[in-house]
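Asks: the following block contains a protein sequence and its predicted model.
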There are 2 protein chains.
Amino acid sequence: MEATFRALSKHGYKDLRMRDIGEEMDLTRQVIHYHFDGKYDLLSSFLEHIIDQYEGSVVVECDADPRTELRARIDQCLFGPEFEQFGHWDRMKVYHELYTQAQNDGDHREVFNEHYDRIRGSIVEVVEDGIEKGVFRDVDAERMGQLITDVIHSARGRRISLGHEDAPEEARKAMDEFVLDSLERTE
Amino acid sequence: MEATFRALSKHGYKDLRMRDIGEEMDLTRQVIHYHFDGKYDLLSSFLEHIIDQYEGSVVVECDADPRTELRARIDQCLFGPEFEQFGHWDRMKVYHELYTQAQNDGDHREVFNEHYDRIRGSIVEVVEDGIEKGVFRDVDAERMGQLITDVIHSARGRRISLGHEDAPEEARKAMDEFVLDSLERTE
């Protein structure tokens, strides 16, 4: 997976050859073909790998206040996680490229859809918890989860595609000011 | 431009050959090369063409109420415009693919950045106008413009990449409920 990541970062998705991945790990194409049924199969495994890492990284204390937990989850999606060999933005570059390609790829589309449902679901859960505890006003939690995940996705995409380094930080401020503040207005 | 569009829709950005464009318009590669300095130059012209069409299509009555104008602009970015030979979503598929590729392309990045500034700017202008007229509360208009354009971009991307046909409609509802309602709360 590390070798795939390095090769993808260097060559991009469309231009990637199995040979490039082999070169990154001192293995021949034959050995990789023994484990994966071609480039596409390997890329699909890679996509699931980065999604697993990404989803597994959100650690929030069990007894956190819903307000704290919601912000922690948003920050994790916007900025983190930084771990292992490759950073959040290196991973996100590949992620966003495969996401756009998913318009022509039923299998990847399914992987992204399941991931989307889980990420949005985790936001919806915190919002519902906050409504139940009376710290959030009574809103359509599904729609709120959708709005927040949409903003997160766009901000990451702007940083990557347009080079707006401050996009995640600015998106957080916009959500704080225009969305979360009014969510916490329970009177 | 029409031939380029048809060829792009069939073959995708990375796999597109000048020959494919020629086939769409019964011209030889040589004739196209006479007018454009290669595939890249032609694609850049095409990108500017769809952006011009897109931006030129937003027609709002001069004396419209800022609330009406803001919603008209949002709807135009989310749903329209449908005109000429190719529809909004056909155009947006190419647009979103080139947007993601812009991470590796300084010239296209610049074109997208200028477009982003104009689209966000047109939203900012309406928000400022509404604040001045006292129909919107006093917010950071730049940040509000950024939030709205981010949501629009994500919703279009979800429809294209994940197949969420209702994403633009759902995004509009979320913005209405969680963003615009509180913007119009001036008491």
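Replies: Structure received.
Asks: can you give me the helices in chain A?
Replies: Residue ranges of the helices in chain A, as given by DSSP state H, are A:2-11, A:18-25, A:29-35, A:39-56, A:66-79, A:88-101, A:106-132, A:141-162, A:167-175, A:181-183.
Asks: which of those has the lowest mean pLDDT?
Replies: Mean pLDDT per stretch puts helix A:29-35 lowest among the helices of chain A, at a mean of 72.
Asks: minimum distance to B:Asp181: which of the helices of chain A has it?
Replies: helix A:181-183 (8.4 Å; Cβ to Cβ). In this view, the C-beta of every residue, glycine as well, is placed from N, C-alpha and C.
Asks: would you agree A:Asp90 is in contact with A:Phe5?
Replies: Yes: with contact defined as Cβ atoms under 8 Å, A:Asp90 reaches A:Phe5; the gap is 7.3 Å.
Asks: need the residues touching each of the two.
Replies: Listed as contacting both A:Asp90 and A:Phe5 by Cβ atoms under 8 Å, 6 or more residues apart in numbering or on different chains is no residue at all.
Asks: higher neighbour count, the two?
Replies: Using other Cβ atoms under 10 Å in any protein chain shown, the more surrounded residue of A:Asp90 and A:Phe5 is A:Phe5, with 20 against 15.
Asks: burial measure for the nearest residue to A:Leu183 once chain neighbours are set aside, as a count.
Replies: With Cβ to Cβ, 6 or more residues apart in numbering or on different chains as the criterion, A:Leu183 has its nearest non-adjacent residue at 5.1 Å, and that residue is A:Phe136. For A:Phe136, the tally of surrounding residues (other Cβ under 10 Å) stands at 24.
Asks: and the pLDDT at A:Phe136?
Replies: On pLDDT, A:Phe136 comes in at 97.
Asks: tell me the contacts of it?
Replies: A:Phe136 is in contact with A:Pro66, A:Arg67, A:Val127, A:Gly130, A:Leu183, A:Glu184, A:Thr186, counting by Cβ under 8 Å, 6+ apart.
Asks: buried members of those residues into PyMOL, please.
Replies: Buried members of those, identified by 16 or more other Cβ atoms under 10 Å in any protein chain shown, are gathered into one PyMOL selection as follows:
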select buried, chain A and resi 66+67+127+130+183
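Asks: and of the contacts of A:Phe136, the nearest to A:Asp117?
Replies: Checking these against A:Asp117 with Cβ to Cβ, the nearest one is A:Val127 at 15.3 Å.
Asks: separation between the closest residue to that closest one other than its chain neighbours and chain B?
Replies: Closest residue to A:Val127 apart from its sequence neighbours, by Cβ to Cβ, 6+ apart: A:Ala141 at 4.2 Å. Taking Cβ to the nearest Cβ, to the nearest Å as the measure, A:Ala141 falls 11 Å from chain B.
Asks: circling back to that earlier point, could I get the helices of chain A in a markdown table, plus columns for distance to B:Phe79?
Replies: Below are the helices of chain A laid out as a markdown table (distance: least, Cβ to Cβ, whole Å):
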| stretch | distance to B:Phe79 |
| --- | --- |
| helix A:2-11 | 35 |
| helix A:18-25 | 41 |
| helix A:29-35 | 45 |
| helix A:39-56 | 30 |
| helix A:66-79 | 27 |
| helix A:88-101 | 20 |
| helix A:106-132 | 21 |
| helix A:141-162 | 16 |
| helix A:167-175 | 23 |
| helix A:181-183 | 26 |
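Asks: most packed of those?
Replies: Neighbour counts (mean count of other Cβ atoms under 10 Å in any protein chain shown) averaged over each of the helices of chain A peak at helix A:141-162, with a mean of 23.
Asks: close to chain B, is stretch A:97-113?
Replies: Yes: for stretch A:97-113, a contact with chain B is found by Cβ under 8 Å from any Cβ of the partner chain, at A:Glu97, A:Tyr99, A:Thr100, A:Ala102, A:Gln103, A:Asn104, A:Arg109, A:Phe112, A:Asn113.
Asks: contact partners for the fifth one?
Replies: Residues in contact with A:Gln103 (Cβ under 8 Å, 6+ apart) are A:Arg109, B:Lys93, B:His96, B:Glu97, B:Ile160, B:Ser161.
Asks: thought the first one was touching B:Ile160?
Replies: What it means is A:Arg109. No: the pair formed by A:Arg109 and B:Ile160 falls short of the contact definition of Cβ under 8 Å, at 10.3 Å.
Asks: could I get the pLDDT score of A:Leu16?
Replies: Confidence at A:Leu16, expressed as pLDDT, is 79.
Asks: which residues touch it?
Replies: A:Ala7, A:Leu8, A:Lys39, A:Leu43.
Asks: OK, contacts around the third one?
Replies: Under the criterion of Cβ under 8 Å, 6+ apart, the neighbours of A:Lys39 are A:Leu16, A:Arg17, A:Met18.
Asks: let me know the closest of these to chain B.
Replies: Closest approach to chain B among the contacts of A:Lys39 (Cβ to the nearest Cβ): A:Leu16, at 11.1 Å.
Asks: now do the same end-to-end measure for stretch A:16-36.
Replies: 15 Å (Cα to Cα, to the nearest Å).
Asks: how far does it sit from its chain's centre?
Replies: How far stretch A:16-36 lies from its chain's middle: 27 Å, per Cα atoms, centre = their mean, to the nearest Å.
Asks: returning to what we had before: and the gap between the residue nearest to A:Leu183 and chain B?
Replies: 12 Å.
Asks: no further queries at this time; thank you.
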